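K.L.:
Next comes the sequence, and after it the predicted model I'd like to discuss.
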Amino acid sequence: MDTKIREIARRLRGMREVLEVPEAEMAAATGVSCDEYRALEEGEKDFSFTFLYRAAQRFNIDLTDLLTGESPHRSGYTLIRKGEGLPIERRAGFRYLNLAPFFRGRMAEPFHVTAPAQPDAQTCQIALSSHAGQEMDYILSGALRVHIDGHEEILYAGDSLYYDSGRPHGMVALNGPCQFLAFVIAPEEEPTC
């Protein structure tokens with residue numbers, strides 16, 4: 001995993017330097033302090049999905065470019081078999097499989113997510129993040145405690161939740177691991193005149 005983190009950090013720095021974006025601007029765009037940004041760009045810390053998503057948005061590139069160094073090249077359709085996809089392990093044991101990493105021009109980022117069991121999930125404080133756009137989560141198995149902008153919900157298999165992902169949100173699995181589909185939908189770009 002350390003090698004993968006360093007590779008992503010190298011691509012992050014390379015894009016920032018090519019586009020001549022100051023570190024402070026990238027820190028602000030990704031929602032971290034300047035010191036934390038430097039540590040991430042040096043490969044000294046692991047990345048959160050939200051950080052990578054925001055960085056890709058700031059660079060106006062596909063998330064897959066940052067993760068793999070390869071640009072999406074498929075159009076028309078792309079097929080991902082069960083258990084496959086581009087793995088992203090980026091949040092305290094959460095495992096994301098990107099279900100369309102090489103489809104060019106995606107309007108959404110579809111993920112199969114496995115949230116790990118957490119012993120104090122009933123009462124723990126849930127870490128929150130936010131990113132521009134909207135998100136839909138559909139529970140496949142297990143149960144998920146979700147916090148969105150001051151509200152909490154418990155989701156079970158078959159439940160779905162659609163929300164403004166710009167609002168602070170976070171989740172933990174209850175009573176064992178939880179598997180769900182997450183669709184991260186980028187905001188529409190503002191028209192330019």
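P.N.:
Structure received.

K.L.:
what residues go with each domain of the chain?
P.N.:
Taking automatic domain parsing as the domain assignment, the ranges for the chain are 2-68, 86-185.

K.L.:
Residue 76 is nearest to which of these?
P.N.:
domain 86-185 (8.8 Å; CB to CB). In this view, the C-beta of every residue, glycine as well, is placed from N, C-alpha and C.

K.L.:
Give me the buried positions along stretch 173-180.
P.N.:
Neighbour-count burial for stretch 173-180 flags 173, 174, 177, 178, 179, 180 (criterion: 16 or more other CB atoms under 10 Å).

K.L.:
Format the domains of the chain as a markdown table; extra columns: mean pLDDT.
P.N.:
Shown next, in a markdown table, are the domains of the chain (pLDDT from 0 to 100):
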| stretch | mean pLDDT |
| --- | --- |
| domain 2-68 | 90 |
| domain 86-185 | 91 |
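
K.L.:
could these be laid out in CSV, adding distance to residue 76?
P.N.:
What follows is the domains of the chain, written out as CSV (distance: least, CB to CB, whole Å):
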stretch, distance to residue 76
domain 2-68, 17
domain 86-185, 9
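
K.L.:
and of those, who's closest to residue 74?
P.N.:
Checking the domains of the chain against residue 74 by CB to CB gives domain 86-185 as the closest, at 4.9 Å.

K.L.:
Just give me the residue closest to the centre of the protein.
P.N.:
In the chain, the centroid-proximal residue (CA atoms, centre = their mean) is residue 49; its distance is 3.0 Å.

K.L.:
wait, that one sits on residue 96?
P.N.:
Yes: using CB atoms under 8 Å, residue 49 is in contact with residue 96, at 6.4 Å.

K.L.:
contacting residues around residue 95?
P.N.:
Residue 95 makes contact with 87, 88, 89, 113, 114, according to CB atoms under 8 Å, 6 or more residues apart in numbering.
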